[in-house]
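J.: starting from these lines, generate the structure:
(2 chains)
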Amino acid sequence: MADFDLIVIGSGPGGYVTAIRASQLGLKTAIVERSELGGICLNWGCIPTKALLKSAEMYESLDHLKDYGLSVEKRGFDFAAVVQRSRKVAAQLNSGVTFLMKKHKVEVIEGTARLEKGGEAPKVVVALNAGGSRTVTAKHVILATGARARTIPAIGLEPDGERVWTYREALVPKTAPKSLVVIGSGAIGMEFASFYRALGSDVTVVEMLPRILPVEDEEVSKAAHKAFEKRGIKFRVPANVKQLTKTKSGVSLEIEAGGKAETLAADVAIVAVGIVGNVEDLGLEALGVKIDRTHVVTDGHGATGVPGLYAIGDVAGPPWLAHKASHEGVHCVEHIAGLKPTNLSSPIPGCTYTTPQVASVGLTEAQAKEQGLEPKVGRFPFRVNGKAIAAGELDGFVKTVFDGKTGALIGAHMIGHEVTEMIQGFTLAMTLEATEAELQATVFPHPTMSEAMHEASLDAYGIVLHI
Amino acid sequence: MSIDVLMPALSPTMEEGTLAKWHVKKGDNVKSGDVIAEIETDKATMEVEAVDEGVVEDILIPEGSEGVKVNTPIARLAGEGEAAAPPSPPAPKTEAKAEAPAPAAKSPEPPKAEAPKPASAPAPAAAKVADGGRVFASPLARRLAEQKGIDLSAISGSGPHGRIVKADIDRAQPGQAKPAPAATPGSAPAATPTAPRQHATLEQQGIPAGSYDLIPLDGMRKTVARRMTDSFRDVPHFPLTIDLEIDGLLAARTRINALLEKEGVKVSVNDMVMKAAAVALKRVPEANASYTPEGIAMHHHADIAMAVAVPGGLITPIIRAAETKGLAQIAKEAKDLAARARDKKLKPEEFQGGTFSVSNLGMFGIKTFASIINEPQGAILSVGVGEKRPVVRGDKLEIATVMSVTLTCDHRVVDGAIGARWLEAFKALIEEPLTMIV
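T.: Residues are numbered from 1 along each chain as shown, chains lettered A, B, ... in the order given. All right, here's what the predicted structure looks like:
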């Protein structure tokens, strides 16, 4: 008889949400965590960075007080206090997960898990943090071990905790570096670039691909590039990183941009060149788990092909997003419990919390064309939106992509103030399989920035009202 | 007890049809096997035979009703010996179109006093469901169903609470390889797509109402419109034209027909074209192929679909495995198929499928034309008139009977070189018809 119905390995937003859902479904559940409950997301990722960025945003807004008829005598910041606040926020949420596990009667096993051949599902052998080892069995095991920053030691892209950082070191700096080079312009790279730039660092971002935020719609990338440059962030795009070396005073980064070699000097380098799945030392090879480029291969429900073993979230592949992990986890455990979850194809939004923010869901215009669709595209700039003008948040726009044949909303792309709070509207529309008719028929409250979403939906069909 | 007679599916893909004619009326005795009605689909008229015995208690769907969904009760039989029960209230009505003659509510026999009053006129077309309940479907699913002409009430939903979502509609009409092919001769741009593109009305385009007569779209017209629009829009097609000298072919035909006279068989040029096409397809098998998302289907036989003009449209009955059949056999089959096509008496399996089409407008004096691909076939041959034309032989001008043919190719399977090689093989066979039997 197995000890549990389900053992979840990893307690990030994928793992702990899965455990809660399992408990709701009446499964006796345990969760194994080697470090902190809540995983990277709320201890070293999503949440603490948002705390830092809020400080940065508030500080930056002081530059514009005069525009609003306000003034302050003396401005400044206490860097240690900014970081401390971020850690406090993380700690609060970490204890929140502890409470949730208790409430849902999920047994938390603190230690590092390893799988061995078992009965219905692989056995889980945990090297306990407190010392010793404990072997537990379950009918089902879900891997939710997450991912970590990719490093490339061969060319020096490897954190040393001092001058070369990943997100982890970048979250708890002792001081703000005078100069900073960020390698990689994805969401993580750009958020740190935005944060440190706001607090006065001289920031240069190096991107290998032809444009920054390369997964976003091209128009959004372009607008973001301009907005960041306006804030003083420098870019080398596209540029190949040849070698990162530590010097006496900092780092030296050799790059090649436009056929020309260049050496960038900075106090600190942040490496944000992607993510690799945490698939090592779990005993996966011996079980015959299929792994493709550091990610566990799964079917649509998270099954790995090894009886009783599933994988969800970052370790099961991109997009590497907390909400995608939670979503997959819930789906997987509902599937295990014999429910027929209907949410498999839900679109997954992506958000970048820079200033201005970027948010998107679904296909870009270019992707829609690549798929042979004939997209109908609408746009609406915030600069003519009443609420945006009143708030002084004129940057950015909303872009909608509809399938020209069926009218289905297939993508939405936004850049601007707090757009990360608005993208859910389009996500909900896509989940409900809305067409332009429903979006156009929806009454958006006035005055709000969300009216730009309505206008962009009208614009795609040539009936935009306020331009 | 009463037995409902249901609208039959005449083919696996049939979703609805027109109840063309009733052969029985209320009170008639029917025996199993009696023809009770005629059903018209987009391609054929079929007779419906009674399965059970009994007295016709009620005719639920009047003659001439269009868009009658498969499995809708169309009549009710009272079991033998039973008295016919009072007429039932109008059955949940399908999308009886306004122009359908004599809807049940206006039936000449008024319902008896004790019978419940019919609620009102037949349900409007918008009420999509037979049992009166609401159909839950996503907005996109509704639109796709409308565009594809799928009845939502016939679909079960896989979304939350059984809601119909896009995936259900996609499953309901998988792929393109669907029913009743039809090749239109010529590039017929007049085909009206059935998908509700946002058409301006004729009035909006300056043609006043009353200045024309409107002929309702029948099943065949809708099918021709839909299939030709889909094909012309979605299949990357190109034409290849070649001239054939057919004096040898005509001479051979005269001799063959003299031999076959006793049997009462007459071979036409078109029969010889079909035979040559089939043999050429065996010699260049790459042209006897269909594009599918899974791969290129290389057909084992040359099933030649021949376009036959019929009143109100056209249909493409098929000579199966034509490469294995002699000219006399092909001529006999073609004659029979064409005659039954004109009478709308073809069985679905006689006009569905086919690996290659032949369309001939030579009899109208058309010189060349390029037909629209008859999906999922890889190519279609358009045959023009055979006429005397000047030809240059050596440095001399001579007269020969020349016929131009055009092969329209689906570039996804039949590239230019393949099409050209097929035409080369076909030309050799036509110009030296003896080689057809080698």
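J.: which strand runs longest in chain A?
T.: For chain A, the strand with the greatest residue count under DSSP state E is strand A:107-116.
J.: contacts for the helix or strand following that strand?
T.: Sequence-wise, the next helix or strand downstream of strand A:107-116 (DSSP states H and E) is strand A:123-128. Outside strand A:123-128, the residues that touch it by C-beta atoms under 8 Å, 6 or more residues apart in numbering or on different chains are A:7, A:9, A:32, A:109-117, A:133-138, A:141. From N, CA and C alone the C-beta is placed, and that goes for glycine too.
J.: now list the buried members of these.
T.: Among the contacts of strand A:123-128, the ones that count as buried by 16 or more other C-beta atoms under 10 Å in any protein chain shown are A:7, A:9, A:32, A:109-115, A:136-138, A:141.
J.: poorly predicted segments of chain A, please.
T.: Counting by pLDDT under 70, the ranges of chain A that qualify are A:343-344.
J.: return the residues of it in contact with chain B.
T.: A:T342, A:S345, A:K405, A:T406, A:G407, A:A408, A:L432, A:E433, A:A434, A:T435, A:A437, A:E438 (C-beta under 8 Å from any C-beta of the partner chain).
J.: hang on, the earlier thing: now the longest strand of chain A: how far from the chain's centre is it?
T.: 26 Å (C-alpha atoms, centre = their mean, to the nearest Å).
J.: thinking again about what came up before, ok, so of the residues of chain A next to chain B, who is nearest chain B?
T.: Nearest to chain B among the residues of chain A next to chain B: A:E433, at 3.5 Å, using C-beta to the nearest C-beta.
J.: am I right that the closest one is in contact with B:V165?
T.: Yes: if you go by C-beta atoms under 8 Å, A:E433 and B:V165 touch, sitting 5.9 Å apart.
J.: okay, those two: which has more neighbours?
T.: Each of A:E433 and B:V165 had its neighbours counted (other C-beta atoms under 10 Å in any protein chain shown), and the higher figure belongs to A:E433 (25 against 22).
J.: name the SS class of that one, please.
T.: Classification of A:E433 by DSSP: H, G, I helix; E, B strand; the rest coil places it in coil.
J.: OK, contacts around it?
T.: Listed by C-beta under 8 Å, 6+ apart, the contact set of A:E433 reads A:A408, B:S138, B:P139, B:L140, B:A141, B:V165, B:K166.
J.: let's see if you can find the most crowded of those residues.
T.: Among the contacts of A:E433, the one with the most neighbours (other C-beta under 10 Å) is B:A141, at 28 neighbours.
J.: what's the spacing between A:G313 and chain B?
T.: 23 Å (C-beta to the nearest C-beta, to the nearest Å).
J.: thinking that residue is in contact with A:V330, fair?
T.: No: applying C-beta under 8 Å, one finds A:G313 not in contact with A:V330, separated by 11.1 Å.
J.: more neighbours, these two?
T.: Using other C-beta under 10 Å, the more surrounded residue of A:G313 and A:V330 is A:G313, with 34 against 21.
J.: what about B:R163, neighbour count?
T.: Neighbour tally, B:R163, other C-beta under 10 Å: 17.
J.: so which bits of chain B are right by chain A?
T.: B:138-141, B:143-144, B:147, B:158-160, B:165-167.
J.: 10 Å - rerun?
T.: Within chain B, the positions near chain A by C-beta under 10 Å from any C-beta of the partner chain are B:137-144, B:147, B:157-167, B:169, B:195, B:197, B:234.
J.: mark which of those residues are buried, thanks.
T.: Buried members of the residues of chain B next to chain A, counted by 16+ other C-beta under 10 Å: B:137-144, B:147, B:157, B:159, B:163-167, B:169.
J.: among the residues you listed, name the ones in helices.
T.: B:P139, B:L140, B:A141, B:R142, B:R143, B:L144, B:Q147, B:K166, B:A167, B:I169 (DSSP state H).
J.: among those, which two are most distant?
T.: Greatest spatial distance in these: B:Q147 and B:A167, 15.8 Å, computed using C-beta to C-beta.
J.: with distance to B:L346 and pLDDT added, can I get the ones in helices among the buried ones among the residues of chain B next to chain A in TSV?
T.: Formatted as TSV, these follow (distance: C-beta to C-beta, whole Å; pLDDT from 0 to 100):
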residue	distance to B:L346	pLDDT
B:P139	39	92
B:L140	37	93
B:A141	34	92
B:R142	34	91
B:R143	34	91
B:L144	31	91
B:Q147	28	88
B:K166	35	89
B:A167	35	87
B:I169	30	89
